[in-house]
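S.K.: Generate coordinates for the sequence data below:
(one chain, ligands or ions: 1)
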Amino acid sequence: MAESSIVKVIRCIVCPTGCEIKAIKGADDKVSFDGYTCKRGLEYAEQEFYEPKRILTTTIRVENGFLPLIPVRTDVPILKEKLSEVLKIIAKTKVKTPIKMGDLLIENILDLGANIIASRDLSEP
Ligand code: SF4
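M.R.: Numbering: from 1, shown residues only. Okay, the predicted model is just below:
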């Protein structure tokens, strides 16, 4: 009979305690989690194991700014597996100044329920 084994170690980032949570595959192939000390940690570990998400930070080209690029980010975490697809769309996008920090630059990108927003102000040249 197969023994249980650790398939992933996840550092919980929900609070500063930073618990180390182990995803363990049992003999029945079911995954359980060990090492969390609260419900939020378990939820984080399940999300991170089954469907990891990240806030994407990058830059978008600017047509008429005093800088050629503006730093941007998603307003909510998006699926990790979609990051490169989202980056391709952003690479083809150009925006115009004036831009205020928090301005929505691409709405609901790839229908992921996330917007691309400006991370700083950028005025016209
Ligand atoms: S499991 Fe709970 S206590 Fe531990 S880091 Fe995550 S949120 Fe904090």
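S.K.: you'd agree Tyr44 is in a strand?
M.R.: No. Counting by DSSP: H, G, I helix; E, B strand; the rest coil, Tyr44 is not part of a strand but helix.
S.K.: which residues touch it?
M.R.: Contacts here follow Cβ atoms under 8 Å, 6 or more residues apart in numbering; on that basis Tyr44 touches 10, 12-14, 21, 36. Every C-beta, even on glycine, is put in place using the N, C-alpha and C of the backbone.
S.K.: Also Ile99?
M.R.: Contacts of Ile99 (Cβ under 8 Å, 6+ apart): 62, 65, 70, 105, 118, 121-122.
S.K.: In the protein, what residue comes closest to the ligand?
M.R.: Nearest residue of the chain to the ligand (Cβ to the nearest ligand atom) works out as Gly41 at 2.1 Å.
S.K.: A helix includes that residue, no?
M.R.: Yes. Under three-state DSSP, Gly41 falls within a helix.
S.K.: Skipping its backbone neighbours, what lies nearest it in space?
M.R.: Of all residues not flanking Gly41 in the chain, Cys12 sits nearest, at 4.5 Å (Cβ to Cβ, 6 or more residues apart in numbering).
S.K.: and that neighbour, how many neighbours?
M.R.: 21 (other Cβ atoms under 10 Å).
S.K.: Assess the claim that it and Lys39 are in contact.
M.R.: No. Counting by Cβ atoms under 8 Å, Cys12 does not reach Lys39; the two are 11.5 Å apart.
S.K.: give me the beta-bridge partners of the residue nearest to the spatial centre of the chain?
M.R.: Of all residues in the chain, the one closest to the mean position by Cα atoms, centre = their mean is Arg54, 1.3 Å from it. Per DSSP bridges, the residues bridged to Arg54 are Ile78.
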